[in-house]
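J.: sequence and predicted structure, then a few things I'm wondering about:
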Amino acid sequence: MDTFRIKTHVGSDGILKFELPIGTANVDCEVVINIQPNMSREEWLAFIEETAGSLADDPIQRWPQGEHELRDEIQ
């Protein structure tokens with residue numbers, strides 16, 4: 001399996017178009033596409049500011065976990 005990483009641009013029509021020569025012909029293959037939109041530094045910082053401390057008024061409560069099982073030591 002080969003992994004190819006390319007950066008491309010999605011046009012105003014919302015359609016991603018790309019060509020990727022892989023060096024083989026007349027073979028069956030499976031193609032997996034993982035879309036990861038890039039977030040600018042300003043967008044990321046705005047997200048952090050918006051969500052930071054969002055649980056401050058509603059703290060998470062961890063209930064008692066009980067006792068764990070004692071097991072024989074592995075030799």
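T.: Thanks, I have the structure now. Residues are numbered from 1 along each chain as shown.
J.: CA atoms for contacts and neighbours, from now on please.
T.: OK.
J.: I22 and R5: what is the separation?
T.: Relative to R5, I22 is positioned 12 Å away (CA to CA, to the nearest Å).
J.: these two: who's more crowded?
T.: I22 (9 against 6; other CA atoms under 10 Å).
J.: number of residues surrounding H68?
T.: So H68, with other CA under 10 Å, has 6 neighbours.
J.: what's the answer for the one 4 residues further on, then?
T.: Using other CA under 10 Å as the criterion, D72 is surrounded by 5 other residues.
J.: likewise for L70?
T.: 6.
J.: now for it: which residues touch it?
T.: Going by CA atoms under 8 Å, 6 or more residues apart in numbering, L70 touches no other residue.
J.: per-residue pLDDT, it?
T.: Looking at L70, its pLDDT stands at 88.
J.: one more: Q65?
T.: 89.
J.: helices of this structure, start to end?
T.: Remark: helices assigned in the chain by DSSP state H are 41-51.
J.: so for it, the centremost residue is which one?
T.: Q36 (7.5 Å; CA atoms, centre = their mean).
J.: now that residue: how far from E67?
T.: The spacing between Q36 and E67, counted by CA to CA, is 43 Å.
J.: give me the pLDDT for M1.
T.: For M1, the predicted pLDDT is 60.
J.: from the chain's centre, how far out does stretch 67-75 sit?
T.: 36 Å (CA atoms, centre = their mean, to the nearest Å).
J.: gap between the two ends of it?
T.: Rule used - CA to CA; the end-to-end distance of stretch 67-75 is 24 Å.
J.: one more: stretch 32-39?
T.: End-to-end distance of stretch 32-39: 22 Å, with CA to CA as the criterion.
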